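Q: Sequence first, predicted coordinates after that:
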Amino acid sequence: MHMQLVINTRGSYLRKKENRFLVRNEEKVFEISVNKVDSILITTSAYISTDAVKFAVDNNIDIVFLDNFGDPFGRVWHSKLGSTTLIRRRQLETSSTARGFNMAKGWVEIKIDNQITFLKDLKKNRPERRGEIESHIRRIIELKNEISALRGVVEEKRDQLMGLEGMCSREYFEALALIMPERWRFNGRSRNPARDGFNCLLNYGYGILYSKVEKACIIAGLDPYLGIIHTDNYNKKSLVFDLIEPFRTHVDRTVVYLFSKKKVKDEFFDVVPGGFVLKKEGKAVLIEAINETFEKKIPYRGRNVKIGKTIQYECHRIANSLIKGG
């Protein structure tokens with residue numbers, strides 16, 4: 001089984017040893033075969049030798065660096081990517097057409113369908129909150145119908161789509177707040193820094209997901225910076241933020257599960273001005289839970305596929321549809 005090698009202990013050291021990676025930190029030394037690793041995630045101050053970098057590159061293993069918020073700030077990629085020029089040109093052409101708008105709208109609709117499904121699942125086990133959750137579901141369905149009715153091109157309809165999507169998200173997170181244990185009840189979404197433990201875990205989880213979607217885009221030949229609807233922190237169009245939408249629910253479910261199973265502890269978080277950041281212990285628990293989620297199988301286009309693999313399959317499918325123009 002391929003795995004993600006996670007380096008999240010301050011002062012860790014990663015180097016190459018024969019046909020293996022060797023990791024050393026204060027507590028232990030361990031070795032892992034190159035054949036078992038598909039990516040390396042470095043989440044804190046760590047050392048990595050240039051031999052280990054070249055070894056990773058030669059074996060098509062990407063190295064991703066995450067900041068304290070779990071956002072990827074850099075990565076090392078092999079430079080032998082296939083010819084992706086045609087796909088990228090089609091991306092650019094499609095982004096301003098009705099077809100491009102419908103693609104991006106479709107990804108938002110999948111996200112909203114996933115949100116509705118998740119809330120319906122939560123409602124079953126919480127009879128005391130059933131009525132309140134049901135009213136949020138009804139409102140989300142109304143808003144989704146308005147989104148489905150949108151027609152046109154991005155320039156004309158972007159603000160409407162983003163506005164309706166934002167309203168759906170507000171309803172959804174208000175419903176999730178209802179089912180949280182009293183100690184961890186939160187008030188809306190917050191980022192950098194998160195104002196509460198829920199958003200802290202969610203932001204870090206989305207950071208991990210972002211790096212997976214970005215990697216899948218690049219492997220499929222899609223340009224992660226040629227987006228249609230969403231923008232990144234620098235207000236540049238970002239395909240990763242467009243494409244991440246259908247997959248967010250996997251992180252949402254994982255984070256809610258950790259709280260409902262009472263697996264979240266105060267010592268997971270550091271207090272910073274204006275909010276919280278995740279500490280090493282919190283990152284380890286969340287990363288493990290997300291990795292477990294990505295190993296689960298779900299129905300995908302007629303067969304059962306691991307959630308983690310659906311991201312790559314979907315990016316290849318989009319790239320192929322751009323090449324064929326259909």
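A: Thanks, I have the structure now.
Q: Residue 324: neighbouring residues, count only.
A: Neighbours of residue 324 under the rule other Cβ atoms under 10 Å: 8. Every residue, glycine included, has its C-beta placed from N, CA and C.
Q: Report pLDDT for it.
A: Confidence at residue 324, expressed as pLDDT, is 83.
Q: ditto for residue 80
A: 55.
Q: Ok, residue 216 next?
A: With respect to pLDDT, residue 216 scores 85.
Q: Help me confirm that it is found in a helix?
A: Yes - under DSSP: H, G, I helix; E, B strand; the rest coil, residue 216 falls within a helix.
Q: Can you verify my assumption that it contacts residue 312?
A: Yes - if you go by Cβ atoms under 8 Å, residue 216 and residue 312 touch, sitting 4.5 Å apart.
Q: Counting neighbours, go ahead and name the busier of those two.
A: Per other Cβ under 10 Å, whichever of residue 216 and residue 312 has more neighbours is residue 216, with 24 against 17.
Q: And the helices in the protein?
A: Listed in chain order, the helices found in the chain under DSSP state H are 50-58, 85-95, 98-124, 130-149, 154-179, 197-220, 239-243, 248-260, 280-295, 307-324.
Q: Going by neighbour count, list what's buried in the first one.
A: The one in question is helix 50-58. For helix 50-58, burial by neighbour count (16 or more other Cβ atoms under 10 Å) applies to 52, 53, 55, 56, 57.
Q: Same check on the shortest one?
A: Judged by neighbour count (16+ other Cβ under 10 Å), helix 239-243 contains these buried residues: 239, 240, 241, 242, 243.
Q: low-confidence ranges in the stretch 201-326 of the chain?
A: Low-confidence segments of the stretch 201-326 of the chain, defined by pLDDT under 70: 326.
Q: ok, 80 please
A: By pLDDT under 80, the low-scoring segments of the stretch 201-326 of the chain are 218-221, 232-237, 325-326.
Q: Relative to residue 146, how far out is residue 158?
A: To residue 146, residue 158 is 15 Å away according to Cβ to Cβ, to the nearest Å.
Q: Of those two, which one has the most company?
A: For the pair residue 158 and residue 146, the greater number of neighbours falls to residue 158 (18 against 14), based on other Cβ under 10 Å.
Q: pretty sure the more buried one is in contact with residue 227, am I right?
A: No - judged on Cβ under 8 Å, residue 158 makes no contact with residue 227 at a distance of 11.0 Å.
Q: Which segments of the chain make up each domain?
A: The record, using automatic domain parsing to delimit domains, assigns the chain the ranges 3-66, 84-96+198-326.
Q: got the ones you listed as CSV, with distance to residue 135 columns?
A: Converted to CSV, the domains of the chain look like this (distance: least, Cβ to Cβ, whole Å):
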stretch, distance to residue 135
domain 3-66, 38
domain 84-96+198-326, 19
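Q: Tell me which of these is the most buried.
A: Mean neighbour count (mean count of other Cβ atoms under 10 Å) peaks for domain 84-96+198-326 among those, with a mean of 18.
Q: circling back: as JSON lines, the buried residues of helix 50-58 with pLDDT and distance to residue 105 would be great.
A: Listed next are these as JSON lines, based on pLDDT from 0 to 100; distance: Cβ to Cβ, whole Å:
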{"residue": "52", "pLDDT": "95", "distance to residue 105": "43"}
{"residue": "53", "pLDDT": "94", "distance to residue 105": "40"}
{"residue": "55", "pLDDT": "94", "distance to residue 105": "43"}
{"residue": "56", "pLDDT": "91", "distance to residue 105": "38"}
{"residue": "57", "pLDDT": "86", "distance to residue 105": "37"}
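Q: Columns distance to residue 25 on top of these, output as TSV?
A: Putting those into TSV (distance: Cβ to Cβ, whole Å) gives the following:
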residue	distance to residue 25
52	15
53	19
55	19
56	19
57	23
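Q: Skipping its backbone neighbours, what lies nearest the spatially most central residue of the chain in space?
A: Central residue of the chain (Cα atoms, centre = their mean): residue 209, 2.1 Å from the mean position. Among residues not flanking residue 209 along the chain, residue 251 sits closest, at 5.4 Å (Cβ to Cβ, 6 or more residues apart in numbering).
Q: Give me the distance between the one you found and residue 210.
A: Distance from residue 251 to residue 210, by Cβ to Cβ: 10 Å.
Q: swap in residue 64?
A: Separation of residue 64 from residue 210 (Cβ to Cβ): 10 Å.
Q: Common neighbours of the two, please.
A: residue 72 (Cβ atoms under 8 Å, 6 or more residues apart in numbering).
Q: ok so, going back, tell me which two in the buried residues of helix 50-58 are the farthest apart.
A: For the buried residues of helix 50-58, the farthest-apart pair by Cβ to Cβ is 52 and 57; their separation is 9.7 Å.
Q: about what we covered before: okay, the helices of the chain in a markdown table with distance to residue 271 next?
A: Shown next, in a markdown table, are those (distance: least, Cβ to Cβ, whole Å):
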| stretch | distance to residue 271 |
| --- | --- |
| helix 50-58 | 35 |
| helix 85-95 | 42 |
| helix 98-124 | 29 |
| helix 130-149 | 31 |
| helix 154-179 | 21 |
| helix 197-220 | 11 |
| helix 239-243 | 29 |
| helix 248-260 | 19 |
| helix 280-295 | 13 |
| helix 307-324 | 33 |
